[in-house]
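# pasting a predicted model and its sequence here:
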Amino acid sequence: MSAPPREIAADAAPQPFPRTFWTANVTELFERAAYYSMASFVVIYLGQLGLGEYWPSNLNSYLWALVYFLPVLSGTIADQVGFRISLLVAFVLLAAGYFLVGYPVWFGGAVLAEVAGREFTAGAGVVVPVVLGILLIGIGGSVIKPCISGTVQKTHLGRATLAFAIFYMVINIGSLVGRLVAYFFRHVPGMNLSAVFAVATFFSIAAFFVVLFLFRDESSGDAAAPAKPRRSAGRILADMVLVLGNVRFSLFLLVSSGFWFLYNQVYNVLPLYVSKVVQKDPPMEIFTAFNPLTIVCFQLLITKHFGKMRPIRSIVVGTVIIGLSMVINLAPLFGAGVRAEALPWVPLGSLFIVLTVSLIAFGELFTSPRTYEWIGALAPKGQEGLFLGYANLPMAIGSLVGGPVGAAIFNEVMCAGATTRPDGLIEPRPEAAAAGWLILMAIGFASAASMWLYNRWLERSPGQ
């Protein structure tokens, strides 16, 4: 008796992924290397340019919000004009954006202060290119996400789990590469912090040429799949009303944004705290590299042992972990002191920041992948894909709020009554700094409790 066709297909040697799959992953590696080569320093750099206490965090939050909100629109445009053209335009925007942010120091005569000041002293020659650069990076970055993930979806050849596992690994490898290259490049004699934007510009240009010479648009790997209908601007707005009009989904977006509010502090409060309180010229790219490094090392282990945990419970656990990651910074405040040497050239306060970043990564492992699963379960039957298209909105909301509120917690709470040392660093009162970390922890715990209450409401009101 002959084997059924499905079994023959299963026994056959799997086809290798097409060239475009690997080209898309290399492109993603370069794009992530560009972004994360400078992400850890945005608030420090803008502060040293004279943008004061709040605008560095505000602009950083707008950047993250653009990157995670605009794919709702840019993904639709990319579907219509083609991924290759979209990617080429996106990398032109990214390269120009990174260049403009570095421009005031390279060609505009701006001088970076040794320590960021509290007052807004930057002139139009700094503000205009920086703001324009932030906008271009946000718009360009929002185009990359749907194009690359869409290419992986089209070229996985029936092995979506493996394809997206490779894709996720490449994202973290790119993140590590960008950080390491930025660290070594900015320590070349004669270089300063603006060098990280030169690194980001270089990686963006490299990605442009990868797309130009190697990338080509692919049709869907599933020949039986119906053609994806094109969406007009009116259709996009109608879909947005449909999705956000779903009370269960909108509440989930608000509740889960608490996790991403705290995640955003990796690139907001943590750099401010280390650079203004703990040590001058901190290697923030090395400290924050422990986030992707932890994910790479523990992703399979967490999935193996906790993958069967219910999604909502996993999200709650991850949010509690990210809350705890903030409060561990109390230890050096009431111990040897944040500037006591823990390791050669690493103060105790910086070591605890590294532990914070690693714990946040564990929280992300419990939360991020299960969020997509939970949104799929929340969506009305037949609308799963539409709702998943809005899965990044919690990060956009958390980032948009995280910048201004995080800056307020740092400046108005942690630094309340602080004095300035002769070396320019801030000497905070231990109880004030502790209050700031406790507030951040409380936000995490409140978000976890809200998620639990939200789930209880869903269980008691299944029809809503």
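Structure's in. What do you need? Numbering: from 1, shown residues only.
# low-confidence stretches in this protein?
Scanning the chain for pLDDT under 70 picks out 1-13, 161, 219-233, 382, 384-385, 462-464.
# quick one, strands of it?
Using DSSP state E, the strands of the chain run over 341-343, 346-347, 419-420, 426-427.
# which residues touch Ile426?
Ile426 makes contacts with Lys276, Val277, Cys415, Ala418, Thr419, Thr420, as judged by Cβ atoms under 8 Å, 6 or more residues apart in numbering. Bear in mind the C-beta positions are built from the backbone N, C-alpha and C, glycine included.
# compare the residues you listed and tell me which is most surrounded.
The most neighbours of any of those, using other Cβ atoms under 10 Å, belong to Lys276, which has 26 neighbours.
# nearest spatial neighbour of it, chain-adjacent residues omitted?
Leaving aside its sequence neighbours, Lys276 sits nearest to Ile426 (Cβ to Cβ, 6 or more residues apart in numbering; 5.1 Å).
# coming back round to it: now render the strands of the chain as a markdown table, adding distance to Leu46.
A markdown table is the format used below for the strands of the chain (distance: least, Cβ to Cβ, whole Å):
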| stretch | distance to Leu46 |
| --- | --- |
| strand 341-343 | 29 |
| strand 346-347 | 23 |
| strand 419-420 | 20 |
| strand 426-427 | 18 |
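# between those, which one is nearest to Thr288?
Closest to Thr288 of the strands of the chain, according to Cβ to Cβ: strand 346-347, at 14.2 Å.
# so how many other residues sit close to Val188?
Using other Cβ under 10 Å, Val188 is surrounded by 8 other residues.
# ah, wrong one, I meant Ala448
By other Cβ under 10 Å, 22 other residues sit near Ala448.
# again, but for Val401
Neighbour count for Val401, taken as other Cβ under 10 Å: 17.
# same question for the one 4 residues further on.
The criterion is other Cβ under 10 Å. On that basis, Val405 has 20 neighbouring residues.
# neighbours of the nearest residue to it once chain neighbours are set aside, how many?
Spatial nearest neighbour of Val405, excluding adjacent residues (Cβ to Cβ, 6+ apart): Phe261 at 7.4 Å. When neighbours are counted by other Cβ under 10 Å, Phe261 registers 26.
# correct me if wrong: Gly424 contacts Arg118.
No - Gly424 lies out of contact with Arg118 (Cβ atoms under 8 Å); the separation is 11.7 Å.
# so what's Ala379 up against?
Residues in contact with Ala379 (Cβ under 8 Å, 6+ apart) are Phe249, Leu386, Phe387, Leu388.
# against Met395, how distant is the last one?
It refers to Leu388. To Met395, Leu388 is 14 Å away according to Cβ to Cβ, to the nearest Å.
# I am finished for the moment; much appreciated.
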